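Enquirer: Coordinates for the following, if possible.
(one chain, ligands or ions: 1)
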Amino acid sequence: MRRPELQYDFDDQKDYLNTMVDKVSSVLANAIEHTGCAGLAVSGGRSPVPLFERLSLEALPWEKIHITLVDERFVPPDHPDSNERLVRTHLLKNRARQARFTGLVSHPGDLALCLQDANRQTHAISLAVLGMGDDGHTASLFPEAPQLEQALDTQASHRYVHVSPAHAPHERISMTLAALLASGHLLLAISGPHKRRIAEQAALQATPRLPVSYLISQSGVPLDVYWHP
Ligand SMILES: O=C1O[C@H](COP(=O)(O)O)[C@@H](O)[C@H](O)[C@H]1O
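Expert: Residues are numbered from 1 along each chain as shown. From the prediction side, this is the model:
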């Protein structure tokens with residue numbers, strides 16, 4: 001089994017961020033050079049804020065970049081826990097305000113309609129920027145969620161599914177494993193000793209106890225893992 005490039009050697013957050021910004025920019029620029037446009041799917045949570053702030057300043061042809069979410073909490077887009085709100089606040093500004101953005105909660109209050117709209121998205125994802133929770137979830141692929149098996153089905157034809165986390169707040173809309181594995185490139189950004197241990201454990205074998213393991217232990221899509229203390 002091929003191991004991903006585990007780029008664990010960042011002593012400080014500055015090097016970690018600089019390297020990630022360079023990587024995101026080069027993957028997007030490369031997609032634009034070859035296809036005329038690029039698709040970027042980003043995560044929410046707390047960790048991506050510094051990356052979003054830095055990326056928003058990058059000199060990229062943002063008007064050719066379509067941004068969407070890897071996952072979303074089923075809350076209105078102005079809710080403090082909304083991943084869309086996070087992206088609008090920290091990424092879709094400065095130079096990146098020219099980017100096209102599609103959120104996942106198009107109908108607050110009607111999850112089925114949101115999913116229907118989310119699954120209408122057809123643009124290719126050049127790069128998915130992922131985080132990981134302390135429980136080994138990535139996107140909203142939560143261990144113990146009743147929909148996990150469906151979400152991990154690599155034959156799934158839809159891009160997004162509804163997920164009910166067993167221990168985290170809010171119903172979720174998450175990219176399926178199949179959709180993540182159809183991306184051109186994956187980037188996993190983590191920090192702290194606990195998440196490092198989880199990532200190392202996940203690299204040993206794919207297990208639903210640590211859904212991130214399905215990405216870390218696969219060999220079909222290039223994956224870079226970035227870690228800082
Ligand atoms: O709930 C979520 O959590 C994960 C991890 O968040 P972090 O702040 O601990 O990095 C995130 O990747 C996901 O998008 C989000 O919805």
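Enquirer: Pull up the residues of the protein that are close to the ligand.
Expert: Residues of the chain found near the ligand (Cβ under 6 Å from any ligand atom) are Ser43, Gly44, Gly45, Arg46, Ser47, Val70, Asp71, Asn83, Gly131, Met132, Gly133, Ser140. The C-beta positions use only the backbone N, C-alpha and C, and glycine is treated the same way.
Enquirer: Buried ones from those residues, can you make that a ChimeraX selection?
Expert: Restricted to buried positions by 16 or more other Cβ atoms under 10 Å, the ChimeraX selection for the residues of the chain next to the ligand reads:
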select :43,44,47,70,71,83,131,132,133,140
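Enquirer: Contact partners for Ala59?
Expert: By Cβ atoms under 8 Å, 6 or more residues apart in numbering, the contact set of Ala59 is Arg95.
Enquirer: Am I right that it sits in a helix?
Expert: No: counting by DSSP: H, G, I helix; E, B strand; the rest coil, one finds Ala59 to be coil, located in no helix.
Enquirer: if we can go back for a sec, from the residues of the chain next to the ligand, which ones fall inside strands?
Expert: Taking DSSP state E, the ones among these that sit in strands are Asp71.
Enquirer: now the residues of the chain next to the ligand as CSV including pLDDT?
Expert: Listed next are the residues of the chain next to the ligand as CSV, based on pLDDT from 0 to 100:
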residue, pLDDT
Ser43, 98
Gly44, 96
Gly45, 92
Arg46, 89
Ser47, 92
Val70, 98
Asp71, 98
Asn83, 98
Gly131, 98
Met132, 98
Gly133, 97
Ser140, 98
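Enquirer: Let me have the residues of the chain next to the ligand in JSON lines, extended by distance to Leu28.
Expert: JSON lines is the format used below for the residues of the chain next to the ligand (distance: Cβ to Cβ, whole Å):
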{"residue": "Ser43", "distance to Leu28": "16"}
{"residue": "Gly44", "distance to Leu28": "19"}
{"residue": "Gly45", "distance to Leu28": "21"}
{"residue": "Arg46", "distance to Leu28": "23"}
{"residue": "Ser47", "distance to Leu28": "20"}
{"residue": "Val70", "distance to Leu28": "16"}
{"residue": "Asp71", "distance to Leu28": "20"}
{"residue": "Asn83", "distance to Leu28": "20"}
{"residue": "Gly131", "distance to Leu28": "19"}
{"residue": "Met132", "distance to Leu28": "22"}
{"residue": "Gly133", "distance to Leu28": "26"}
{"residue": "Ser140", "distance to Leu28": "24"}
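Enquirer: Just give the nearest non-adjacent residue to His90, would you?
Expert: In space, and not counting its chain neighbours, His90 is closest to Phe52: 3.8 Å by Cβ to Cβ, 6 or more residues apart in numbering.
Enquirer: swap in Gln147?
Expert: Once flanking residues are discounted, Gln147 sits nearest to Val163: 5.0 Å by Cβ to Cβ, 6+ apart.
Enquirer: Next, count neighbours for that neighbour.
Expert: The number of residues packed near Val163 is 25, by other Cβ atoms under 10 Å.
Enquirer: Please read off the pLDDT at it from the model.
Expert: Among the per-residue scores, Val163 shows a pLDDT of 98.
Enquirer: Can you name the residues that contact it?
Expert: With Cβ under 8 Å, 6+ apart, Val163 has these contacts: Asp71, Ser140, Leu141, Phe142, Ala145, Gln147, Leu148, Ala151, Glu171, Arg172, Ile173, Ser174.
Enquirer: That'll do, ta.
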